[in-house]
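# can you look at this prediction? I've put the sequence above it.
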Amino acid sequence: MTELLDSSSTAEHPTGGTAAAQAPLVQVRELTMAFGDNVVQRDLTFDVRPGEVLAVAGGSGCGKSTLLRHLIGLQAPAKGQVLYGKYDLYAAQPDVRRTLMQTFGVAFQAGALWSSMTVGENMMLPMQVFTDMSEEQCEQEARFKLALVGLAGSFDKEPAALSGGMKKRAAIARALALNPALLFLDEPSAGLDPLSSANLDELIMHLRDDLGTSVVMVSHELASIFALADRLLFLDAQTKTMTALGPPRNLLREGPEGVRNFLRRGAAHDGEEE
Ligand SMILES: Nc1ncnc2c1ncn2[C@@H]1O[C@H](COP(=O)(O)OP(=O)(O)OP(=O)(O)O)[C@@H](O)[C@H]1O
């Protein structure tokens, strides 16, 4: 497995200190993921660092979405651990696990808004369920989060009235409801036009650079990977394990051949010379 050094790992970071010096938010250790006897990926070991965008890429069916499901507590490992601080997400007591799961936000492809509620009500729901904030505070916070993602005027709208790009932004705003240090996104820009996709990239950059939010993002969009990702985790469908981890530009130059071939398709977007 190629692990290339991250030249930015000692840079000053908005969360304070340096990204490399801080304890990882998530430690994945020798994780094997399977459906019955069908092993999807084995022996995955990596960290999610504070304040980084970690992109997860690889060929179709290699297990990217399955990995996200393991990271957020939806699917137990066949082997190995997903650690949040000192806690193993799958061995923790139910109350600890519930608390851990409130430390991250999730905006998945299928994570559409509830159509029976307005956008604002959708935003307020997690706050009403998980905090003791008053109705007024929830509304204030929901309006703030919508403004953060550029949807200040959408509080009273029905989800059906939003465009594809706006729905994705709204899903991210809802994932931010409890001010998570970590956000999981599954193909955030899939199906968006280039302009909406670039706007979404900017939003993710803003979350990382200005709020210090860590983002783990499954993405097929090479332009987004080069624009956003501090590191790329590459899952190989053939060998069924990770074959590279590092900054995308480093992997483009020095990664294993399969990873270089994968990234080369996107280098043109980035003006990257080989
Ligand atoms: N519920 C399930 N039951 C059995 N096998 C599954 C299930 N979900 C996914 N798989 C299999 O696990 C493997 C990984 O699927 P996954 O959706 O995680 O891949 P992916 O990398 O996200 O794919 P894509 O890029 O096409 O979205 C695939 O072979 C898939 O067929």
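That came in fine, so what should we check first?
# go through stretch 136-143 and flag the buried ones.
Neighbour-count burial for stretch 136-143, counted by 16 or more other Cβ atoms under 10 Å, picks out C138, E139, E141, A142, R143. All C-beta atoms are positioned from the backbone trio N, CA, C, and that covers glycine.
# spit out the contact partners of the closest residue to P248 other than its chain neighbours.
Using Cβ to Cβ, 6 or more residues apart in numbering and skipping residues adjacent in sequence, the residue nearest P248 is L232, 4.7 Å away. Listed by Cβ atoms under 8 Å, 6 or more residues apart in numbering, the contact partners of L232 are L54, A55, V56, A57, I225, A244, L245, G246, P247, P248, L251, L263.
# residues near A160, how many?
Neighbours of A160 under the rule other Cβ atoms under 10 Å: 8.
# how close does it get to L146?
With the distance defined as Cβ to Cβ, to the nearest Å, A160 ends up 17 Å from L146.
# give me phi/psi at the closest residue to G255 other than its chain neighbours?
Leaving aside its sequence neighbours, G255 sits nearest to A244 (Cβ to Cβ, 6+ apart; 4.7 Å). Per-residue torsions, A244: phi -160, psi 150 (degrees, to the nearest 10).
# is A244 in a bridge, and if so with what?
Beta-bridge partners of A244, counted by DSSP bridges, are T2, F234.
# quick one: contacts for it?
Applying Cβ under 8 Å, 6+ apart, the residues near A244 are M1, T2, E3, L4, L232, L233, F234, L251, G255, P256, V259.
# switch to 7 Å and redo it
Contacts for A244 (Cβ atoms under 7 Å, 6 or more residues apart in numbering) come out as M1, T2, F234, L251, G255, P256, V259.
# give me the buried subset of the residues you listed.
So, by 16+ other Cβ under 10 Å, the buried ones in those are F234, L251, G255, V259.
# export these to a markdown table and tack on distance to the ligand and pLDDT?
Converted to a markdown table, the buried ones among the contacts of A244 look like this (distance: Cβ to the nearest ligand atom, whole Å; pLDDT from 0 to 100):
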| residue | distance to the ligand | pLDDT |
| --- | --- | --- |
| F234 | 11 | 97 |
| L251 | 18 | 96 |
| G255 | 18 | 95 |
| V259 | 15 | 94 |
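# could you list which of those belong to strands?
Judged by DSSP state E, the buried ones among the contacts of A244 include F234 as members of strands.
# now, among the buried ones among the contacts of A244, which is nearest to S219?
Nearest to S219 among the buried ones among the contacts of A244 is F234, at 11.7 Å by Cβ to Cβ.
# from what I see, the closest one and V259 are in contact.
Yes - under the criterion of Cβ atoms under 7 Å, F234 makes contact with V259 at 4.9 Å.
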